[in-house]
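In: sequence unknown, structure follows:
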């Protein structure tokens with residue numbers, strides 16, 4: 001049966017630039033090329049819900065389980081380069097954070113990755129474009145299976161939003177997640193998303209030592 005919008009699937013994938021530089025993967029031999037210490041993790045997600053690249057979801061919907069090679073132009077991948085995102089940042093900003101800006105260095109500015117282009121006195125030219133913007137990229141995607149079990153769907157969605165595993169139970173159209181206070185409050189932000197995707201009402205209960 002072909003894949004449909006809102007199906008949960010498990011995939012293995014590798015993303016690389018047209019020039020062959022790998023930038024993301026959960027396939028062991030490819031992941032080792034960019035980070036020898038990382039261990040590949042299964043990736044389970046819901047099609048059409050913004051959890052992976054939109055263009056890949058659009059490609060996979062209607063396809064069957066299998067292996068695919070997908071080429072995406074920049075407008076379908078990480079966007080075209082925006083000249084307005086190349087900005088001058090005062091040296092004092094870096095000094096306040098005890099950072100040493102040198103050309104080519106990458107820094108995180110409030111969640112945005114930026115690359116130092118030039119350093120001239122107290123003026124630092126910084127590029128806030130995504131490092132992959134303006135580039136055609138290629139993805140190898142292996143759709144391993146379609147997930148039908150509701151518990152596995154819930155577990156994967158919880159982990160996607162929190163990057164952690166929590167105990168949970170499903171009872172009477174309700175998903176009850178047992179989490180510490182911080183994550184219980186955080187999970188509540190996604191109530192509408194859990195309802196939309198799983199048709200379950202989310203209830204996050206505070207519990208000490210909750211991660212698995």
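Out: Sure thing, it's come through. Predicted, not measured: the structure shown is a model, and the values here were computed from it.

In: okay, and for this structure, where does confidence drop off?
Out: Per-residue confidence for the chain (pLDDT under 70) gives these ranges: 208-212.

In: could you chop it up by domain?
Out: By the record's domain assignment, the chain is partitioned as 1-79+134-148, 83-127, 149-212 (automatic domain parsing).

In: end-to-end on the longest one?
Out: So that's domain 1-79+134-148. Taking Cα to Cα, to the nearest Å, domain 1-79+134-148 runs 13 Å from one end to the other.

In: returning to what we had before: next, format the domains of the chain as a markdown table and append mean neighbour count.
Out: C-beta coordinates here come from the backbone N, C-alpha and C atoms, glycine included. Written out in a markdown table, the entries for the domains of the chain read as follows (neighbours: other Cβ atoms under 10 Å):
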| stretch | mean neighbour count |
| --- | --- |
| domain 1-79+134-148 | 15 |
| domain 83-127 | 13 |
| domain 149-212 | 15 |
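
In: what's near enough to touch the residue nearest to residue 183 when sequence neighbours are not counted?
Out: Nearest in space to residue 183, with sequence neighbours left out and distances taken as Cβ to Cβ, 6 or more residues apart in numbering, is residue 162 at 6.0 Å. Taking Cβ atoms under 8 Å, 6 or more residues apart in numbering as the contact definition, residue 162 lies against 179, 183, 186-187.

In: of those residues, which belong to helices?
Out: When helices are assigned by DSSP state H, the members of the contacts of residue 162 inside them are 183, 186-187.

In: nearest to residue 68 among those?
Out: For the ones in helices among the contacts of residue 162, the minimum distance to residue 68 (Cβ to Cβ) is 33.1 Å, reached by residue 187.

In: I figured the closest one was touching residue 202, is that so?
Out: Yes - checked against Cβ atoms under 8 Å, the pair residue 187 and residue 202 is within contact range at 6.7 Å.
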